[in-house]
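Participant: kindly return the folded structure for what I paste below:
(one chain, ligands or ions: 1)
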Amino acid sequence: MSRRMLVSGNWKMNLNHLEAIQLVQKLSYELVDHDYEAVEVSVHPPFTDIRSVQTVVEADRMEFVVGAQNCHWKDSGAYTGEVSPPMLAKLNVRYVIVGHSERRQIFGETDETVNLKARAVIKHAMTPIVCVGETLEQREAGEAEATVEAQLRGSLRGISVEDLSALVVAYEPIWAIGTGRTATPDDAQAMCAHVRAVVDSIRPGAGADVRIQYGGSVKPVNAAELLSRPDIDGALVGGASLEADKFARIVSAG
Ligand code: 13P
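Facilitator: All right, here's what the predicted structure looks like:
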């Protein structure tokens, strides 16, 4: 069992394509001595930026990989405003975030649609980063583990043991996103171990290989301790991924 760390920058709805090019150039400069064998790095710009970022990454042979923040599950059709997995695959997108809590809460995504998206991403030879996480109310009611387990069972239905082993789960407690309030390393570790156990119970054998990221106010000051925990295989970074030096310091902590 050797799981390669994955540190991902989720830019959310920030930066136009010109700003995006500047950020990846700065990031590539900051990460010039980075050991990509140890930590894989992905950036997830808005759809309108992906082509520009892909072009710069490939032209300058940058080592980080391009990701997306969402997609539809159909290949094509009358779905106004949506972007399909084959469109992303054509841009050499490697990772697609699916089921981020902002999409679940603001755009009504359910475990069922997250599952359709995850399977569509896999069908097109990309890797889904499937997000799960509880609200503050659920945590305070002692329901955090059950909530995350239900999200995993619904979102990962019908995925083979091989595909589940290659997939990434991001545990992002909703109360820690954009709040500056990080889960303690012990709580994050405990939930990531729980995620691993649930994945293994869904498809025996997949738990050892599935990579599990922690997300929620990851910063340079707390990254090293979070990433040192045995079941935390990387980070999904929001705000701090918009600043090249901060994101690079988080990557270096991995
Ligand atoms: P912040 O790092 O800004 O808390 O965002 C976390 C997140 O939602 C990443 O997907």
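Participant: now do the helix or strand hosting Glu19: which elements does it pack against?
Facilitator: Element membership for Glu19 (DSSP states H and E) is helix 17-30. Packing contacts for helix 17-30, counted by 3 or more C-beta pairs under 8 Å, 6 or more residues apart in numbering; DSSP states H and E, involve strand 39-44, helix 47-59, helix 244-253. Glycine gets a C-beta too; all of them are placed from N, C-alpha and C.
Participant: what does that helix contact?
Facilitator: Contacts of helix 17-30 with the rest of the structure, by C-beta atoms under 8 Å, 6 or more residues apart in numbering, involve 11, 15, 43, 45-46, 48-49, 51-53, 56-57, 60, 62, 64, 242, 244-245, 247-248.
Participant: and if you look at stretch 137-153?
Facilitator: Outside stretch 137-153, the residues that touch it by C-beta under 8 Å, 6+ apart are 99, 111, 114, 130, 132-135, 169, 171, 173, 175, 191, 194-195, 198-199, 202.
Participant: if we go to 7 Å?
Facilitator: The contact list for stretch 137-153 (C-beta atoms under 7 Å, 6 or more residues apart in numbering) reads 111, 132-134, 171, 173, 175, 191, 194-195, 198-199, 202.
Participant: okay, buried residues for it please.
Facilitator: With burial defined by 16 or more other C-beta atoms under 10 Å, the residues of stretch 137-153 counted as buried are 138-139, 144-145, 147-149, 151-152.
Participant: kindly report the same for stretch 48-62.
Facilitator: 49-50, 52-54, 56-57, 62.
Participant: residues near Gly154, how many?
Facilitator: Neighbours of Gly154 under the rule other C-beta atoms under 10 Å: 16.
Participant: likewise the one 5 residues further on?
Facilitator: A count of neighbours around Ile159, defined by other C-beta under 10 Å, yields 22.
Participant: can you pull the contacts of the residue of the stretch 151-254 of the chain found nearest the ligand?
Facilitator: At 2.2 Å from the ligand, Gly238 is the closest residue in the stretch 151-254 of the chain, using C-beta to the nearest ligand atom. The contact partners of Gly238, by C-beta under 7 Å, 6+ apart, come to 10, 12, 177-178.
Participant: out of these, who's the most crowded?
Facilitator: Asn10 leads those on contacts (other C-beta under 10 Å) with 26 neighbours.
Participant: excluding chain neighbours, what is closest to that residue?
Facilitator: In space, and not counting its chain neighbours, Asn10 is closest to His44: 4.9 Å by C-beta to C-beta, 6 or more residues apart in numbering.
Participant: quick one: that neighbour from the ligand, how far?
Facilitator: Distance, His44 to the ligand, using C-beta to the nearest ligand atom, to the nearest Å: 8 Å.
Participant: now Ala78
Facilitator: In terms of C-beta to the nearest ligand atom, Ala78 sits 30 Å off from the ligand.
Participant: ok, now Thr80?
Facilitator: As judged by C-beta to the nearest ligand atom, Thr80 and the ligand stand 26 Å apart.
Participant: count the neighbours of that residue for me.
Facilitator: 4.
Participant: before we move on, what SS does it have?
Facilitator: coil (DSSP: H, G, I helix; E, B strand; the rest coil).
Participant: report pLDDT for it.
Facilitator: In this model, Thr80 is scored at 98, pLDDT.
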